[in-house]
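Enquirer: need a 3D model of the sequence below.
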Amino acid sequence: MNAVTVRLSCVLFLLAAKILAADPAVKRPNILFIYADDESYKTLSCYDGHPAWVKTPNIDRLATKGVRFHRSYLGAWCMPSRSSILTGRLQHAVMSMTMEGQYPGSRYDPAQCPFVPAQFRQQGYHTAQIGKWHTGTDTGYGRDWDYQIVWNRPAHPENAGNYYTDQILTFNGVERPTKGYSTDNYSDWAIEYIRGQHRDPNKPWYLWLCYGAIHGPTTPADRHKGTLAGKSAPVPKDIVGPWPDKPAYLETTKAWMRAPGGQPAMAKKARRAGNFDSLVPGKSYDAWIQQVNECMAAVDEGVGRVLAALEASGQAENTLVVYTADQGYGLGEHGFNQKVAPYDATVSSPLIISWPGHIPAAKVCRHPVNAPDLVDLFCRTAGVTVPWKTHGRDIRPLLANPETTSWNAPMLMTHTARNYGAETAEIPTDDRLTAASGVPWYALLRDGKFKYVRNLVAGEMEELYDLDADPDELVNLALKPEHAARLRELRAKAIAELRRTDAKFVDRMPPTKAEGAR
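Expert: Reported below is the predicted structural model:
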């Protein structure tokens, strides 16, 4: 590193500290954290890969006021993503969280698994959560949240498929059956809160707004149904396979077939337990993409209304706004019609961060972040300290200079199916390895333009992709001898990150195909 680079790095770090520091003399900012569900970044017109007719003007407008991250990896599926956001830790180190009973039943011990919002609450913030709750039957009202309206799926498995209507909601600890379209309801209640209802006007606030859309059964609002009929979408190159350069499980997770005439359609597959999608075998690819984007329309409208309330109330300049989703969702890529798998199309969330006057506008950052990184950002911005080890990196330099090329901090995400914390010490070899999704445990590392995936199945191939040259992840460089040195390098970096983030299974990982061939 030369002297100019060193000086530039120092300047950027100081700028980042100034932009997002918790200065006691400065009014502490509010945090508006908006969270969609099962959202492919291809449903946003400010992202790459979307059909030309996709329009999300309100979320696009937010991107023009802040930094849009090209990719982010918050979790492989709903519950781990939320667990990481609540604890600042990756799935394999979220202690005491466990699945139990009928899906999505789950529980945790608050003493072993404290949540970050409680620290915000204890350190001067008013905290609120509105929308979907999917992290243990205990929603934390009165301990983590001052104000809460949530659809508690783990507590009511019989109601857990009601993503859009007839929900059993919990209003500050009191359950109440509720009518109306959920996306609109959640937006309405968030607007009330932003305008000053149900909170202490003398405190800064932290609001986590969790939409259930566009998760299956992916039901558009009545006003949007059919509005995209007749539209066609580009078909992913490998929607029906084969996948000789990818792990064997893709043959069992494939969700698409060629219908008469050659067009892709949903394949006939047995529904798995906990799968609440109302997907019809034979539905055309175009019809599915239309349905997904019609459902997304209410989210974009809701975000627009929420941001308008923020501006009208005079709070926009003192509010850090983050828009993201729990994870992505495969729309045919690599044969998927689900989340979980370690490809950008299936797990990468959209992510936009905005704070006018504090964060650059209309910038794109190609360095990926994960859920603990966001938690670290929230805490540093708000001046909140957390009395346990978290896994996040300080990403303020990326917000100060989103286009920097000097960033050198690998990013890790793990998938351990329905297992958390101590349950992940041993890597299973039975059905627990692929529970619910059919995708086995893995560790995913992003290092610059490269993505490395270690599938935790004995003798299975590793995966290595150059995302600049091959954004669709079609060419697995791990199988090419000329990339053997890079494969070893990234394998070692992944192991180092697993150790840093307290992965108890790190010394028990089965040998990969390449390791077994040595």
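
Enquirer: burial count for Lys493?
Expert: Under the neighbour criterion other C-beta atoms under 10 Å, Lys493 is assigned a count of 16. C-betas here are computed from N, CA, C, even on glycine.

Enquirer: hang on, it packs against Pro410?
Expert: Yes: using C-beta atoms under 8 Å, Lys493 makes contact with Pro410 at a distance of 5.1 Å.

Enquirer: quick check: neighbours shared by these two?
Expert: Common contacts of Lys493 and Pro410, defined by C-beta atoms under 8 Å, 6 or more residues apart in numbering, comprise Leu445, Asp447.

Enquirer: is it true that Lys42 touches Thr56?
Expert: No: with contact defined as C-beta under 8 Å, Lys42 does not count as touching Thr56 (10.9 Å).

Enquirer: and the longest helix that the chain contains, what does it pack against?
Expert: Among the segments of the chain that qualify as a helix by DSSP state H, the longest is helix 285-312. Applying 3 or more C-beta pairs under 8 Å, 6 or more residues apart in numbering; DSSP states H and E, one finds that helix 285-312 makes contact with strand 30-36, helix 57-64, helix 182-194, strand 264-266, strand 319-325.

Enquirer: so how many other residues sit close to Gly459?
Expert: Other residues lying near Gly459 total 14 when counted by other C-beta under 10 Å.

Enquirer: which secondary structure element is home to it?
Expert: Taking DSSP states H and E as the definition, one finds Gly459 inside no helix or strand.

Enquirer: 589 is where my numbering starts, stick with that
Expert: Sure thing, new numbering starts at 589, so read that last one as Gly1047.

Enquirer: for it, what are its contacts?
Expert: Contact analysis of Gly1047 by C-beta under 8 Å, 6+ apart lists Pro1098, Pro1099, Thr1100, Lys1101, Gly1104.

Enquirer: give the contact list for the first one.
Expert: This points to Pro1098. Ile1015, Leu1044, Val1045, Ala1046, Gly1047.

Enquirer: just checking, the second one touches Leu1021?
Expert: Spelled out, that is Leu1044. Yes: Leu1044 is in contact with Leu1021 according to C-beta under 8 Å; the separation is 7.5 Å.

Enquirer: between those two, point out the one with more neighbours.
Expert: The residue with the greater number of neighbours, taking Leu1044 and Leu1021 and applying other C-beta under 10 Å, is Leu1044; the counts read 21 against 18.

Enquirer: give me the distance from the longest helix of the chain to the chain's centre.
Expert: Its chain's C-alpha centre lies 17 Å from the corresponding centre of helix 873-900 when counted by C-alpha atoms, centre = their mean, to the nearest Å.

Enquirer: do stretch 900-909 as well
Expert: In terms of C-alpha atoms, centre = their mean, the centre of stretch 900-909 is set 24 Å apart from its chain centre.

Enquirer: now swap in stretch 632-651 and tell me
Expert: Taking C-alpha atoms, centre = their mean, one finds the center of stretch 632-651 at 18 Å from the center of the full chain.

Enquirer: what does stretch 618-626 give?
Expert: With C-alpha atoms, centre = their mean as the basis, the distance from the averaged C-alpha position of stretch 618-626 to the chain average is 10 Å.

Enquirer: report the rounded mean pLDDT for that stretch.
Expert: Looking at stretch 618-626 alone, the average pLDDT works out to 98.

Enquirer: could I get it in CSV with only the CA atoms?
Expert: What follows is stretch 618-626, C-alpha atoms only, in CSV (Å, rounded to 0.1, in the frame of the first residue of the first chain):
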residue,chain,number,x,y,z
ASN,A,618,-34.2,8.1,14.3
ILE,A,619,-33.9,4.8,12.6
LEU,A,620,-36.5,3.7,10.1
PHE,A,621,-35.8,0.1,9.2
ILE,A,622,-38.1,-1.3,6.4
TYR,A,623,-38.0,-5.0,5.8
ALA,A,624,-39.7,-6.8,2.9
ASP,A,625,-40.1,-10.6,2.8
ASP,A,626,-38.8,-13.1,0.2
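
Enquirer: hmm, back to that, most surrounded residue in the contacts of Gly1047?
Expert: Thr1100 (21 neighbours).

Enquirer: residues contacting that residue?
Expert: By C-beta under 8 Å, 6+ apart, the neighbours of Thr1100 are Arg1042, Asn1043, Gly1047, Glu1048, Met1049, Glu1050, Arg1079.

Enquirer: gap between it and Glu1050?
Expert: The spacing between Thr1100 and Glu1050, counted by C-beta to C-beta, to the nearest Å, is 5 Å.

Enquirer: residues shared between the contacts of these two?
Expert: Residues touching both Thr1100 and Glu1050 (C-beta under 8 Å, 6+ apart) are Arg1042, Asn1043, Arg1079.

Enquirer: what about Met1102, helix or strand, and which?
Expert: For the record, residue 1102 is Ala, not Met. Element membership of Ala1102, judged by DSSP H and E, is helix 1101-1104.

Enquirer: just the CA coordinates for that helix, please, in CSV.
Expert: Provided in CSV are the C-alpha atoms of helix 1101-1104 (Å, rounded to 0.1, in the frame of the first residue of the first chain):
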residue,chain,number,x,y,z
LYS,A,1101,-14.3,-33.0,-3.2
ALA,A,1102,-11.1,-31.1,-3.9
GLU,A,1103,-9.7,-31.8,-0.5
GLY,A,1104,-10.5,-35.5,-0.8
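
Enquirer: where's that helix relative to the chain centroid, distance-wise?
Expert: Here the centre of helix 1101-1104 is set off from its chain's centre by 31 Å, with C-alpha atoms, centre = their mean.

Enquirer: which other residues reach that helix?
Expert: For helix 1101-1104, the surrounding residues in contact (C-beta under 8 Å, 6+ apart) are Gly1047, Glu1048, Met1049, Glu1050, Ala1066, Ala1072, Leu1075.

Enquirer: now swap in stretch 722-732 and tell me
Expert: With C-beta under 8 Å, 6+ apart as the test, stretch 722-732 has contacts from 666-667, 670-671, 674, 685, 692-696, 698, 703, 705-706, 709, 715, 717, 721, 733, 736, 738, 740-743, 758, 760-761.

Enquirer: could you redo the last one with a cut-off of 6 Å?
Expert: By C-beta atoms under 6 Å, 6 or more residues apart in numbering, the surrounding residues in contact with stretch 722-732 are 666-667, 670-671, 694-696, 703, 705-706, 721, 736, 738, 740-743, 760-761.
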